[in-house]
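Colleague: whatever this is, show me its structure:
(one chain, ligands or ions: 1)
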Amino acid sequence: MSTYENLLFESEDGIGIVTINRPKALNALNAATIHELDRMFDELAQNDAVKTVIITGGGEKSFVAGADITEMQKMSAVEGRNWAKLAQAVFSKIENLPKPVIAAVNGYALGGGCEISMACDIRIASEKAKFGQPEVSLGIPPGFGGTQRLARLVGKGRAKELLFTGDMIDAAEAYRIGLVNKVTVPAELLNTAKAMAQKIMSRAPVAVQVCKAAVNEGLDVDLKTGIAYEAEVFGLCFATDDQKEGMTAFVEKRPPNFTGK
Ligand code: HXC
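Modeller: Presented below is the predicted three-dimensional model:
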């Protein structure tokens, strides 16, 4: 992997951990960090040693406290639109990486921080995490996909309440409304994310990959088109060794040994 100023990367047992690391600004996403995330996810797409990705925040206090307000303060309308489009493209790259991506939310996930977590497949939160879309207090709406992904995750009514009030919610409330999948004590956050990654990696990789694609594609189209897509990827998996191995292992009453082929 190439070198980064605002991101840390480590990889172990097939899990790549990306840490957004600007702790002095509570890991706020400035343009340099967005460009680094773009490069990082291009590299991760090509890196066969990394099977699952975890995104977390550096320091104790924050996952990501939003887009960098100091950089946005003097933007023109055109610059604002281009900034939103740039980060949206990077977040879509994260969302569509053909490998699972888990957000391990260790603290503040506000504005662009909540939005990057929602571009991940699964969110695991520390009890200390706080979520919110406080943009309306700054005179703007969310611009990194928040109005769209929040409504898709928690429903229209709850999304609108969070978007209109700018209120912060704690991890327990985020869990209650379906914004996060799991809540852990802070010390166990990364281990919990890694355990989930390991469990996912023990399943048939191509099957997991097509599940991700089918959910993502399906949520953008009508049910008829979505289930038609599902039938295609279902059929495709019968061309894999892992389908044969999975079903043979079941019949032989032994654990499967998947190869990802
Ligand atoms: C730039 C930020 C920042 C941000 C925090 N900092 N959030 N800098 N952009 N989004 C900086 C602070 O200025 C401060 O720098 C340092 O980080 C520590 O923050 P404090 O405010 O001193 O910490 P605390 O009092 O504990 O409050 C934590 C906080 C607060 C509640 C998270 O920092 C906060 O409200 N931050 C802004 C949250 C927000 O509005 N996010 C949405 C941004 S808009 P100094 O130099 O003073 O130490 C957005 C839009 C996305 O995300 C779409 C765009 C198209």
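Colleague: which stretches in the chain count as strands?
Modeller: 7-12, 15-20, 52-57, 62-64, 101-105, 108-110, 122-126, 130-132, 168-170, 182-184 (DSSP state E).
Colleague: make TSV from these and add mean pLDDT, distance to the ligand and mean neighbour count to it.
Modeller: (C-beta placed from N, C-alpha, C; glycine too.) Below are the strands of the chain laid out as TSV (pLDDT from 0 to 100; distance: least, Cβ to the nearest ligand atom, whole Å; neighbours: other Cβ atoms under 10 Å):
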stretch	mean pLDDT	distance to the ligand	mean neighbour count
strand 7-12	97	17	14
strand 15-20	98	12	22
strand 52-57	98	11	26
strand 62-64	98	6	29
strand 101-105	99	13	28
strand 108-110	98	4	27
strand 122-126	98	15	26
strand 130-132	98	8	24
strand 168-170	98	8	17
strand 182-184	98	19	18
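Colleague: can you check which of those gets nearest to residue 200?
Modeller: Judged by Cβ to Cβ, the one of those that comes nearest to residue 200 is strand 52-57, at 6.1 Å.
Colleague: who's in contact with the closest one?
Modeller: Contact partners of strand 52-57, identified using Cβ atoms under 8 Å, 6 or more residues apart in numbering, comprise 14-21, 27, 44, 63-64, 94, 97, 99-107, 113, 116-117, 120, 189-190, 193-194, 197, 200-201.
Colleague: check whether residue 16 really touches residue 50, as I assumed.
Modeller: Yes - using Cβ atoms under 8 Å, residue 16 is in contact with residue 50, at 3.8 Å.
Colleague: list residues touching both of the two?
Modeller: residue 44.
Colleague: mind putting the strands of the chain in CSV, distance to residue 210 included?
Modeller: Formatted as CSV, these follow (distance: least, Cβ to Cβ, whole Å):
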stretch, distance to residue 210
strand 7-12, 24
strand 15-20, 21
strand 52-57, 16
strand 62-64, 29
strand 101-105, 16
strand 108-110, 29
strand 122-126, 17
strand 130-132, 30
strand 168-170, 33
strand 182-184, 24
